[in-house]
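*Asks:* one predicted model, sequence on top.
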Amino acid sequence: MCHETIYQALYNGAKGGLSRQLTRKLRTGRPLRKRRRRAHERTPRFIAPALLIDHRPAEAEERSRVGDWEGDLITGRGGLSAIGTLVCRRSRYIKLIHLPGRRTAEDLITGLHETLAELPESVRLTLTWDQGSEMAGHDQVADLFAEGVFFAHAGKPWQRPTNENSNGLLRQYFPKGSDLRTYTVEDLRRVEERLNTWPRKTLDWITPAQVLAASLASS
């Protein structure tokens, strides 16, 4: 091996080590998103007809009311465990779904019914989720939302921006690589309380809980 090749290998190794050190300092712990499959590379996941985000009421896009929710899963080590996450686009109020099983559609249906039973119907208007297989039973939770369940386009997580940002915050409490089945319902409620009573700049320094309470009082 020539000297130039050796020096280049040493340089790349040192640069890689520095990159890894910097990456560990990031909140997400990753330098870039992994490449997502393009929409045409994905296969349909649902048997029941589903509505895309294009059909969602305009009020949900405008964040003009409380009750339009975005949802997703955060997953644990090896993708074997998960916690469901819901966040209201207007209030940024967070609800967490306990999934003690293996993140199946049946688990999510049960979890959504149990979790959303805690919220009045007046603040359950729409839900926007990604096209994950865990929502194969979306027709069985549609009755929880007065105006329906909708799906972001495949490979476009930015169509659920509030949820994506909230999931980043939640990773501080539920680290990647951990077994999320070890967290109890009580653990999830404590995290909800912490984030829902945290004043947000985007809410003019009031809390998600205060925005939700004001909406319930006015209705």
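*Replies:* Alright, I've got the coordinates.
*Asks:* can you classify G177 by secondary structure?
*Replies:* When classified by DSSP: H, G, I helix; E, B strand; the rest coil, G177 comes out as coil.
*Asks:* tell me who's in contact with it.
*Replies:* Contacts for G177 (CB atoms under 8 Å, 6 or more residues apart in numbering) come out as 76-77. Backbone N, C-alpha and C define where each C-beta goes, glycine included.
*Asks:* so what's it scoring on pLDDT?
*Replies:* In this model, G177 is scored at 91, pLDDT.
*Asks:* and R37, by the same measure?
*Replies:* Confidence at R37, expressed as pLDDT, is 46.
*Asks:* with R102 instead?
*Replies:* At R102, pLDDT is 76.
*Asks:* in this structure, where is pLDDT below threshold?
*Replies:* Applying pLDDT under 70 to the chain flags residues 1-45.
*Asks:* need the helices for it, in chain order.
*Replies:* 3-25, 58-62, 105-116, 161-170, 185-196, 208-218 (DSSP state H).
*Asks:* then stretch 108-123 to PDB, C-alphas only?
*Replies:* The C-alpha trace of stretch 108-123 is given here as PDB (Å, rounded to 0.1, in the frame of the first residue of the first chain):
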ATOM      1  CA  LEU A 108     -53.000   0.000  18.700                       C
ATOM      2  CA  ILE A 109     -56.800  -0.300  18.300                       C
ATOM      3  CA  THR A 110     -57.200  -1.200  22.000                       C
ATOM      4  CA  GLY A 111     -54.700   1.400  23.100                       C
ATOM      5  CA  LEU A 112     -56.400   4.200  21.100                       C
ATOM      6  CA  HIS A 113     -59.800   3.400  22.500                       C
ATOM      7  CA  GLU A 114     -58.400   3.300  26.100                       C
ATOM      8  CA  THR A 115     -56.400   6.500  25.700                       C
ATOM      9  CA  LEU A 116     -58.900   8.600  23.800                       C
ATOM     10  CA  ALA A 117     -61.700   7.700  26.200                       C
ATOM     11  CA  GLU A 118     -60.000  10.200  28.600                       C
ATOM     12  CA  LEU A 119     -60.700  13.100  26.200                       C
ATOM     13  CA  PRO A 120     -64.100  14.600  25.500                       C
ATOM     14  CA  GLU A 121     -65.600  14.200  22.100                       C
ATOM     15  CA  SER A 122     -65.400  18.000  21.400                       C
ATOM     16  CA  VAL A 123     -61.600  17.700  21.200                       C
END
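*Asks:* before I go, just wanted to say thanks for your time.
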